[in-house]
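**Q** Fold the following, please.
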Amino acid sequence: MINVQELKPFLKEAWEKSGFEKPTSIQNAALPVAMEGKDIIAESPTGTGKTLAYLFPVLQSVDAENQSLQAVVLASSQELVMQVYQEFQKWSEGSGLRGATLIGGANLKRQLEKIKKRPQVIFGTPGRVNELIKQKKLKMHEVKTLVLDEGDQLLTKEHTGTTQSILKSTQASRQVLIFSATLKKDTEKLARELTNEPEVIRINREEEIPTGEVEHIYFSCEPREKVKLLEKIARLENIKTLAFVNDISEITVAGAKLQFKELSVGLLHSELDKMERQSALRNFRDGKLKMLIATDVAARGLDIQGITHVVHIDMPKDINQYVHRSGRTGRMGANGTVISLVTEREERELKQYCRNLEIPVSKRIFFKGQIANENPNKR
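**A** Numbers count the residues shown, from 1 in each chain. From the prediction side, this is the model:
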């Protein structure tokens with residue numbers, strides 16, 4: 001268990017100011033191990049405090065007097081990089097530490113200017129960080145900690161080569177901290193190859209966060225009817241809905257139809273530019289948008305408070321994805337609703353998921369603009 005009194009003065013002060021009563025399970029398990037300098041592979045659900053579980057050891061170990069780059073945090077999306085960087089800014093106040101973000105799609109010249117200011121901690125997407133290492137703009141020889149946030153995303157076929165290349169640019173003695181919401185066997189195997197005698201930590205949602213009552217329901221429809229149902233959901237009162245699609249092309253079509261009807265809907269996917277993505281996310285967080293339609297990759301790892309409804313517009317690819325998406329609602333003791341829009345074939349698949357998860361799932365219809373039982377007169 002972490003002893004807050006052992007933290008550097010600026011961290012101790014930030015902790016006291018934050019009003020946190022006690023560390024979360026992942027923080028209690030990971031912080032002491034990380035602060036000893038050991039490698040970690042950790043699995044803990046989204047929203048359990050993983051960011052601080054690795055950020056505290058980074059802030060504790062980085063020397064403000066040393067002008068060199070000492071820690072690198074990699075994340076799979078621009079949004080996640082910016083979210084973690086904002087936490088760094090909050091917790092490093094008064095420390096004299098400098099951080100910078102390096103993300104794909106952003107202006108390269110401006111990022112080179114950031115590097116010239118000699119940040120001690122870099123937060124970036126793998127592609128851009130690797131590009132700057134290859135160009136010899138980013139000196140990695142004094143990096144003592146490398147963090148992979150949402151490690152399972154950084155260890156997919158798409159990113160593994162780039163992530164390994166970044167690791168090879170650091171000294172063999174560096175510390176590697178890998179954190180993820182889900183950790184499959186093949187991902188863990190690869191993570192073990194990239195680490196040195198790692199401590200493997202697993203936290204279940206049940207032991208971490210008080211979850212509220214979550215109702216799982218579905219609407220049966222033809223594929224072309226899904227947007228009409230989405231429109232009805234977007235018109236419900238007092239909602240904050242995160243809706244998922246599998247394909248970017250579908251997101252733009254659905255978004256355009258709903259926005260044409262002047263509904264409070266935003267989009268989040270990798271083909272939008274940085275400003276559009278930040279704006280959509282900010283407006284959704286602030287409650288200016290009632291619904292955010294996103295791809296899994298774009299929404300991955302983001303901590304958004306107060307989501308009342310999760311909608312599976314497209315059927316999740318597997319049961320893990322169903323659990324991961326659905327876990328965005330019912331947080332911190334609040335209630336929530338998970339809605340699946342399914343065809344006849346998908347309905348069978350959904351029922352199988354729910355049987356395996358031992359979750360009751362019920363069919364619903366819309367009646368007079370409200371969600372109702374199949375028979376509207378049924379009490």
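
**Q** residues in contact with the helix or strand hosting residue 114?
**A** For residue 114, the element it lies in under DSSP states H and E is helix 108-116. If you take C-beta atoms under 8 Å, 6 or more residues apart in numbering as the criterion, helix 108-116 is touched by 100, 101, 102, 128, 132, 137, 138. The way it works is simple: take the backbone N, C-alpha and C, and place the C-beta from them, glycine included.

**Q** show me the contacts for residue 130.
**A** Per C-beta under 8 Å, 6+ apart, neighbours of residue 130: 162, 165, 166.

**Q** Need the distance between the two termini of stretch 83-99.
**A** 13 Å (C-alpha to C-alpha, to the nearest Å).

**Q** can you list the residues that contact that stretch?
**A** With contact meaning C-beta under 8 Å, 6+ apart, stretch 83-99 is reached by 8, 10-11, 13-14, 51-52, 55-56, 59, 62, 64, 73, 75, 101, 117-123, 149, 301-303.

**Q** Now for the contacts of residue 130, which sits with the most neighbours around it?
**A** Each of these was scored for neighbours by other C-beta atoms under 10 Å, and residue 166 scores highest at 22 neighbours.

**Q** what's the closest non-adjacent residue to that one?
**A** Nearest non-adjacent residue to residue 166, counting by C-beta to C-beta, 6 or more residues apart in numbering: residue 130, 5.4 Å away.

**Q** for the helix or strand hosting the one you found, which positions count as buried?
**A** Following DSSP H and E, one finds residue 130 within helix 126-134. Going by neighbour count (16 or more other C-beta atoms under 10 Å), the buried part of helix 126-134 is 126, 128, 129, 130, 131, 132, 133.

**Q** and it, how far out from the chain's middle?
**A** With C-alpha atoms, centre = their mean, to the nearest Å as the basis, helix 126-134 stands 21 Å off its chain's centre.

**Q** Please apply the same query to stretch 41-54.
**A** Stretch 41-54 has its C-alpha centroid displaced from the chain centroid by 10 Å (C-alpha atoms, centre = their mean).

**Q** what about that stretch, start to end distance?
**A** In stretch 41-54, first residue to last residue: 11 Å (C-alpha to C-alpha).

**Q** what does stretch 263-281 give?
**A** Distance between the boundary residues of stretch 263-281 (C-alpha to C-alpha) amounts to 16 Å.

**Q** re the thing from before, I'd like to know which of the contacts of helix 108-116 are part of strands.
**A** 100, 101, 102 (DSSP state E).

**Q** Out of those residues, flag the one nearest to residue 337.
**A** residue 101 (35.0 Å; C-beta to C-beta).

**Q** close enough to count as contact, that closest one and residue 121?
**A** No. Judged on C-beta atoms under 8 Å, residue 101 makes no contact with residue 121 at a distance of 10.2 Å.

**Q** in the chain, what spans have low per-residue confidence?
**A** Scanning the chain for pLDDT under 70 picks out 1-5, 19-21, 205-212, 298, 301, 331-333, 375-379.

**Q** ok, of the contacts of stretch 83-99, which come out buried?
**A** Buried, going by 16+ other C-beta under 10 Å: 8, 10-11, 14, 51-52, 55-56, 59, 62, 73, 75, 101, 119-123, 149, 301-303, out of the contacts of stretch 83-99.

**Q** what are the ranges of the helices in the stretch 251-379 of the chain?
**A** Secondary structure of the stretch 251-379 of the chain, counting by DSSP state H, counting those that start in this stretch: helices at 274-285, 296-299, 319-326, 344-357.

**Q** Quick one: residues contacting residue 126.
**A** By C-beta under 8 Å, 6+ apart, the neighbours of residue 126 are 74, 76, 154, 159, 162, 163, 166.

**Q** let me fix that: residue 216
**A** Residues near residue 216 by C-beta under 8 Å, 6+ apart: 326, 337, 338, 340, 354, 359, 360, 361, 362.

**Q** Show me what the helix or strand encompassing it pairs with in its sheet, parallel or antiparallel.
**A** With elements taken from DSSP H and E, the one containing residue 216 is strand 214-220. Taking DSSP bridges as the criterion, strand 214-220 forms sheet pairs with strand 336-342 (parallel), strand 361-363 (parallel).

**Q** quick one, which of those strands is nearest to residue 195?
**A** strand 336-342 (34.8 Å).

**Q** Please find the angle between the direction vectors of the closest one and helix 319-326.
**A** Strand 336-342 and helix 319-326 are oriented at 130 degrees to each other (axes from the mean of the first three to the mean of the last three C-alpha atoms, to 10 degrees).

**Q** what's the angle from strand 336-342 to helix 344-357?
**A** 140 degrees.

**Q** Bridged to residue 242, which residues?
**A** Counting by DSSP bridges, the residues bridging with residue 242 are residue 292, residue 310.

**Q** tally of neighbours for it?
**A** By other C-beta under 10 Å, neighbour count at residue 242 equals 21.

**Q** again with the one 4 residues further on
**A** Residues within reach of residue 246, counting by other C-beta under 10 Å, total 15.
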